[in-house]
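Sharing a model prediction with you, sequence too.
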Amino acid sequence: MSRKPVEAEIGIIGGSGLYELSMLADARSVDVSTPFGPPSGPIVLGELAGRRVAFVSRHGAGHRLSPSEVPAAANIYALRQLGVAEAVAVSAVGSLRAELRPGDLVVQDQLVDLTRGIRRATFFEAGVVAHLPFADPYCARLRPLLVAAARRAQGATVHDSGTYVCIEGPQFSSRAESELYRSWGMDVIGMTAAPEAKLAREAGICLTGLALVTDYDCWRRDEEAVTASMVADTMRRNVVAAQAAIAEFLATAPPAQPCDCHDALDHALLSDLAGAGEGILARLGPIVEKVPR
Ligand SMILES: CSC[C@H]1O[C@H](OP(=O)(O)O)[C@H](O)[C@@H]1O
Ligand SMILES: Nc1ncnc2[nH]cnc12
């Protein structure tokens, strides 16, 4: 299969409150189609500090896609098709710990997926079975680089780890659920990190998450329970900190290096691709391009 030219090396997935990356130079929008449907919207290609960047707004223009409707497979596939090898997924999260305060940044290192199976969570199907390693959902090489960049940017307090519990939503949690997640040791809560991170792993993309704390969910009896406008207001006030962290990361991260994330498929495929139909191979395209047949 012929490889498409690399249009972007680094992908940024913007969440609630981060709908564009104004710091990109020479920005242009491209419509990308994928076998897994259209991405959330046009992908914006641009440059920062000599790095070619692709930006996608997860919820689309005007925040029209609910967490369950976000076409994560199409977004990840589109980024991969453009050549993206590394990506930062930005999200607004509720805090389940007193010390993670609204306005803080958390570079999460773990993920608990409580989505309900209604989102596409794998590219593999139709006779091609793969079980990828996901013990460490985020790239161990990129995470410290993002933590260091976010700290240098000095826009917010930065926490270098945390477990993100991903619920289906779109409703926020009940107090009983919020307390349950706290008792499990979860740190932050959101609705979009899964299956996005699983799909990035399947696509061989090094992924790191940048979570901006917007609220204390509903476990603190002395505080107002989270609302969507609370999230939006906190995001509006603090999004510059996330943007500064991303700009510093893009300006200082070394060019993509060999990484286990790129080779995650190596011991994952149980089906012989040589015996798979042309249709599914064409559909998988850049996801399996490195696999020898
Ligand atoms: C706007 S309130 C809930 C909404 O915000 C978060 O979005 P994202 O992760 O894309 O920043 C949360 O996951 C919900 O989708
Ligand atoms: N408390 C919360 N629960 C789920 N998703 C969120 N996004 C931001 N805050 C959230």
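That came in fine, so what should we check first? Residues are numbered from 1 along each chain as shown. Ligands and ions are numbered 1, 2, ... in the order given.

Confirm that A27 sits in a strand.
Yes. Using DSSP: H, G, I helix; E, B strand; the rest coil, the assignment for A27 is a strand.

contacting residues for whichever residue of the stretch 51-200 of the chain sits closest to ligand 2?
Residue of the stretch 51-200 of the chain nearest ligand 2, by C-beta to the nearest ligand atom: G94 (2.3 Å). Where C-beta positions appear, they are placed from N, C-alpha and C, glycine not excepted. By C-beta atoms under 8 Å, 6 or more residues apart in numbering, the contact list for G94 reads F172, V188, I189, G190, V213, T214, D215, Y216, D217, V226.

Hmm, E99 and the fifth one touching each other?
Put plainly, it is V213. No. Counting by C-beta atoms under 8 Å, V213 stays clear of E99, with 10.4 Å between them.

and these two? which has more neighbours close in?
V213 (26 against 9; other C-beta atoms under 10 Å).

what residues are up against that one?
Per C-beta under 8 Å, 6+ apart, neighbours of V213: V93, G94, S95, L100, R101, P102, G103, D104, L105, V106, V188, T234.

I'd say R52 and G11 touch.
No. Look at R52 against G11 with C-beta under 8 Å: they stay out of range, at 10.2 Å.

which of these two has more neighbours?
Using other C-beta under 10 Å, the more surrounded residue of R52 and G11 is G11, with 27 against 19.

and that one, how far is that from V147?
Per C-beta to C-beta, to the nearest Å, G11 is found 19 Å from V147.

related to what we said a few turns ago, now for the residue of the stretch 51-200 of the chain closest to ligand 2, which secondary structure element holds it?
Using DSSP states H and E, G94 maps to strand 86-95.

if we can go back for a sec, among the contacts of V213, which ones are in helices?
T234 (DSSP state H).
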